[in-house]
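Colleague: Sequence and computational prediction follow.
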Amino acid sequence: MGFTQMAFSGSQVLGIPIGLYLANHFDWHAPFWMIVGVSLVLTLVVAVWLKPLNGHLLVRMDKNPFPHLLHTARHPRYWPAFLATTLLATGGFMLMPFGSAFSVINLHITLDQIPNLFLLTGLISSLFGPLSGRLADKFGKYPMFFEPRGTGCVTSGI
């Protein structure tokens, strides 16, 4: 779980600081050209070295997967998990664009310091993501991420 979530902090460590550096020193278009260049290189790597994953298409399936999906979506006990996942992803993408403006206006960080801020927070997330994932695997997700009343400790099972 922690290593999967580390991809977001990896984008902070690499993508945002490099993009901000390019925008500050060249033009605001530069980060987008960087994305195009990296995408073209990765497209070539995928086209040359990766083999297609189409073996599953050779297996004949008599069942339609959509009834299974509808059956799963009808269970109300799954709705909080679906809603939490949707809100976490949406909230992150809604707040991230305002992080730089908030830091400059409210924290009085200069535009030249913003890449360092994102680099530092991304590195910290990269370190604590796998650690919190291991602890969640060891003690359980619920005791790790939920604080029962009166304990004063986020990880009450530790």
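Modeller: Right, received. Where do you want to start?

Colleague: where do the helices sit along this structure?
Modeller: 2-10, 16-25, 30-49, 65-73, 79-105, 114-139, 141-145 (DSSP state H).

Colleague: Could you check how far the residue of the chain most remote from its centre is from Ile18?
Modeller: Distance from the C-alpha centroid of the chain peaks at Asp62, with 35.7 Å (Cα atoms, centre = their mean). From Asp62 across to Ile18, the span is 49 Å (Cβ to Cβ, to the nearest Å). Quick note: C-beta positions are derived from backbone N, CA and C, even for glycine.

Colleague: Same question for Pro115.
Modeller: With Cβ to Cβ as the criterion, Pro115 and Ile18 are 8 Å apart.

Colleague: and if you look at Val59?
Modeller: Distance from Val59 to Ile18, by Cβ to Cβ: 43 Å.

Colleague: out of those two, which sits in the more crowded spot?
Modeller: Ile18 (17 against 6; other Cβ atoms under 10 Å).

Colleague: my guess is the more buried one contacts Gly37, does it?
Modeller: No: the pair Ile18 and Gly37 does not pass the contact test of Cβ atoms under 8 Å, sitting 11.7 Å apart.

Colleague: where do the contact lists of those two overlap?
Modeller: By Cβ atoms under 8 Å, 6 or more residues apart in numbering, Ile18 and Gly37 have no common neighbours.

Colleague: Worst mean pLDDT among the helices of the chain?
Modeller: Lowest mean pLDDT within the helices of the chain: helix 2-10, a mean of 65.
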